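> Give me the fold of what follows.
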Amino acid sequence: MLQDSIGARRRAVSPLFTHAFALLALAAGFVAAVPQAFGQAMQAAAGVYRPSISKFFLDGNFDHIAELKLVFGAAGLDVGLLGDLEGSGTRYPVLYRSGTWYVDSNKDASVDQSFIFGGAATDKPLIADMDGDGREDPVLFRDGAWYVSATHNGAVTATYSFGAPGDVPLLGDVNGTGSKGLFVYRNGTWYGSTNRSGVVDKIYGFGGVAGDIPMMFDYDGDGKDDLVIFRNGTWYASTNRDGIANVSFIFGTVGDKPLYAGVGATSTPFLDAARFLTHASFGPVAAELTKASTTSSRSRRRSFR
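Numbering: from 1, shown residues only. Below is the predicted model of the structure:
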């Protein structure tokens, strides 16, 4: 069960504490190599969306407890996502419902923005910064065709062709270039076109159990997206992208959709500080941001053993 942690809401958890907690949590013998603590503290904020009750559970400090619980949307009708459409540096709940997108940028369960984009029965929504402008963009995968609306108003600004009907679409940067490539997941095999040309230049094998939900995000903070499988509440990450799960943790339950609540589309020292405090407590205030931003560079270089 996901539980509230009132104390976690009100304090910032240090990377050292997070590292120690993660070592204990992952010491069950499954982990072959523990990723760096900074990556866990800053990058790997996780979440799940529970369609049966249209509820978001977000774990901002990687303690496997939901610091933020939010009912937003209509049960059974919506696809829950997280995105940073404003380039503010933090992700927030976004719903997709039969072609209409609803954005809750204030995390208060109210719609702050809506627009129409898509609506075909087979459309699968995604969110990523596709043009490098610091704002994440709505993306649709439709039976092998990809549509991007970088203007966030439903106008198609880019199209790509990659994959086939039935594939699970993903967007990831496995080269560390800052550009998201097109990926599709098919029965445990990941096919990637990193330059979005439609030509396969990456193939990985990871997962494949019925019901597996694939994800791509930078778990270990090395600048490259990793392969992640969500299986009935358990997360498996292959940070070397070699098909071996060297990290696992539990957050969520059967029927949940996994979400990545880590860093947003932009990166500045001030926003890095805001992200850390947001992930640690989901409620930074101005004084905390000022203090944290002066030490964020030193914290980024610190090595924990």
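> Skipping adjacent residues, who's closest to residue 129 in space?
Nearest non-adjacent residue to residue 129, counting by Cβ to Cβ, 6 or more residues apart in numbering: residue 265, 4.0 Å away. From N, CA and C alone the C-beta is placed, and that goes for glycine too.
> Surely the one you found touches residue 86?
No - between residue 265 and residue 86 there is no contact under Cβ atoms under 8 Å: 9.1 Å.
> Strands of the stretch 151-300 of the chain, start to end?
With strands called from DSSP state E, counting those that start in this stretch, the stretch 151-300 of the chain shows them at 158-161, 168-172, 181-186, 189-193, 202-205, 213-217, 226-231, 234-238, 247-250, 257-260.
> list the helices and strands the fifth one packs on?
Right, the one you point to is strand 202-205. Judged by 3 or more Cβ pairs under 8 Å, 6 or more residues apart in numbering; DSSP states H and E, strand 202-205 is in contact with strand 189-193.
> Determine the angle, from 0 to 180 degrees, between the strand it packs on and strand 181-186.
Strand 189-193 runs at 160 degrees relative to strand 181-186, counting by axes from the mean of the first three to the mean of the last three Cα atoms, to 10 degrees.
> contact partners of strand 189-193?
Applying Cβ atoms under 8 Å, 6 or more residues apart in numbering, the contact partners of strand 189-193 are 160, 162-163, 170, 172, 174, 181-184, 199-206, 208, 214, 227.
> The residue lying closest to residue 164 once chain neighbours are set aside: neighbour count?
The shortest distance from residue 164 to any non-neighbouring residue, by Cβ to Cβ, 6+ apart, is to residue 144 (5.0 Å). Neighbour count for residue 144, taken as other Cβ atoms under 10 Å: 17.
> What residues does residue 144 make contact with?
161-165, 167.
> if you set the cut-off to 7 Å instead, what comes out?
161-165 (Cβ atoms under 7 Å, 6 or more residues apart in numbering).
> again with residue 172
Residue 172 sits next to 180-181, 183, 216, 225 when contact means Cβ under 7 Å, 6+ apart.
> Go again with 8 Å.
Here residue 172 is in contact with 180-181, 183, 192, 216-217, 225 (criterion: Cβ under 8 Å, 6+ apart).
> repeat for residue 131
By Cβ under 8 Å, 6+ apart, residue 131 lies in contact with 137, 148, 150, 157-158.
> gap between it and residue 139?
From residue 131 across to residue 139, the span is 11 Å (Cβ to Cβ, to the nearest Å).
> Residue 178 too?
In this structure, residue 178 and residue 139 are 17 Å apart, going by Cβ to Cβ.
> cool, residue 119 as well?
Residue 119 is 14 Å from residue 139, by Cβ to Cβ.
> what does residue 79 give?
Using Cβ to Cβ, residue 79 is found at 13 Å from residue 139.
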